[in-house]
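Trainee: sequence-free structure coming up:
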């Protein structure tokens, strides 16, 4: 989930995919931006049915030559065949994904993400150790239970997005896609989130983003708005989060059905992987931003006979992730800057990039993506509407500081909530999030991974075979 830069608020499993490099001239093969990992079926064993017929004919001829007494003697000598035991079928994920992950992985132990070495030796940096991190109220990234839960969330994300990549086609509505993703996440976690507090234990990290074309980020279908039909020429950013106990895996990818846009997707994927490669303990964020910009701007894309440079979106950024907060205090812009803030051991980052064929700058569009409790909300406030108090109670019980969408309230059976939401926004209790768009006619792409800066390595939690 993209984070806006401060400047914008003022004016308005193991190996990484090979880098595409900085040469955009040749593009990439059609469809190479998505790896569709099918389950795979074993083919024919090559047996010839004719051979079986010959064997049966020979057996019948031999039986006919036997006398009744001989047949009786042969039957006595025949051993009784024991029925073969049926092998238990290996469990695999359904489509759409609905089998809880705990059933697919009975051991409850989940594999790590991609483990990457730091560019500098670990003993050359001076940094906080585990005891200091705990004093700073940071998670201990070496704790086995913490890591296993985070890896489970990442596996949920991989299995759900595989279903999206394999099944979503032009003609689907955005509501169908969003609901399918969110139902899949809840099913794999084994938690429907319908009881108070259930969604805080595990569930969605934020509303599913399905932003098309010049809409760069923060679009999700909501009640009361006309649904959108996915088209062949659309470029769709798919951004969703999975959380267990408030620690969010934030990962995103882009789908395009027309190969015209392959180089746009390649540019952004390469820029994101460059950011991940550059990240590390004691690395200055400004150095990561410079590397991202250099990589992305080395690409261009030809659309309907016109060549466009791929521009990094300069008023969006990557971000660190905090407990029950998708956006922390550290940001990673996609363009050069002078902020020398450093990454630290124990940090959790969403390394993402957005590229656009437009201005490379977003503005807010009419509409609502979601809401989140404001960090600056007054501790006590007198709300004039009963509906506002009722909705606020539901929000605190079910979402806390997690961002949520209006359709989540529908799912919980809350009615007549719009006036209450508007009242909470007006009193500074809720912060609304609007869709972010570049100029009409432009196209944009996004790729994103969640990484952990551990003591001896960085772990790219959400890495998969697809991106």
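Mentor: Sure thing, it's come through. The shown structure was predicted, so the numbers you read here are calculated from the model rather than taken from an experiment.
Trainee: Could you measure from residue 464 over to residue 449?
Mentor: 9 Å (Cβ to Cβ, to the nearest Å). (Each C-beta comes from the backbone N, C-alpha and C, glycine too.)
Trainee: the more surrounded of the two?
Mentor: residue 449 (28 against 22; other Cβ atoms under 10 Å).
Trainee: Next, count neighbours for the closest residue to residue 190 other than its chain neighbours.
Mentor: Counting by Cβ to Cβ, 6 or more residues apart in numbering, residue 190 lies nearest to residue 100, which is 3.9 Å off, once chain neighbours are set aside. The number of residues packed near residue 100 is 15, by other Cβ under 10 Å.
Trainee: give the contact list for residue 100.
Mentor: 187-190 (Cβ atoms under 8 Å, 6 or more residues apart in numbering).
Trainee: Ok, residue 419 next?
Mentor: Listed by Cβ under 8 Å, 6+ apart, the contact set of residue 419 reads 385, 387-388.
Trainee: If I look at it, what pLDDT would I see?
Mentor: If you check residue 419, the pLDDT there is 96.
Trainee: Surely it forms part of a helix?
Mentor: Yes - counting by DSSP: H, G, I helix; E, B strand; the rest coil, one finds residue 419 located in a helix.
Trainee: Give me the nearest residue to residue 314, chain neighbours excluded.
Mentor: residue 335 (4.7 Å).
Trainee: Next one: that neighbour, what pLDDT does it get?
Mentor: Looking at residue 335, its pLDDT stands at 97.
Trainee: could you say which helix or strand contains it?
Mentor: Using DSSP states H and E, residue 335 sits within no helix or strand.
Trainee: Check the one 4 residues further on too.
Mentor: Residue 339 belongs to no helix or strand when assigned by DSSP H and E.
Trainee: Could you verify my assumption that it touches residue 286?
Mentor: Yes - look at residue 339 against residue 286 with Cβ atoms under 8 Å: they come within range, at 5.4 Å.
Trainee: okay, these two: which has more neighbours?
Mentor: Legend: neighbour count by other Cβ under 10 Å for residue 339 and residue 286, higher for residue 286 (17 against 14).
Trainee: and the more buried one, what are its phi and psi?
Mentor: Here the main-chain torsion angles of residue 286 (degrees, to the nearest 10) amount to phi -60, psi -30.
Trainee: show me the contacts for it.
Mentor: Going by Cβ under 8 Å, 6+ apart, the list of residues near residue 286 reads 336-341.
Trainee: Adding distance to residue 139, write those residues out as TSV.
Mentor: Below are the contacts of residue 286 laid out as TSV (distance: Cβ to Cβ, whole Å):
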residue	distance to residue 139
336	31
337	28
338	30
339	24
340	25
341	20
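Trainee: In PyMOL, select just the buried ones from the contacts of residue 100.
Mentor: PyMOL command restricting these to the buried ones, with burial defined by 16 or more other Cβ atoms under 10 Å:
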select buried, resi 187+188+189
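Trainee: Closest one of the contacts of residue 100 to residue 407?
Mentor: Comparing the contacts of residue 100 against residue 407 with Cβ to Cβ places residue 187 closest, at 17.1 Å.
Trainee: contacting residues around that closest one?
Mentor: 97-100.
Trainee: wait, is it part of a helix?
Mentor: Yes - counting by three-state DSSP, residue 187 is found in a helix.
Trainee: quick thing: my sequence starts at 46, can you match it?
Mentor: Okay, using 46 as the starting number, the last item reads as residue 232.
Trainee: I'd like the distance between it and residue 238.
Mentor: According to Cβ to Cβ, residue 232 stands 11 Å off from residue 238.
Trainee: Okay, now the unreliable bits of the chain?
Mentor: 50-135, 165-182 (pLDDT under 70).
Trainee: Closest to the centroid, which residue in it?
Mentor: With distances taken as Cα atoms, centre = their mean, the residue of the chain nearest its centroid is residue 296 (3.5 Å).
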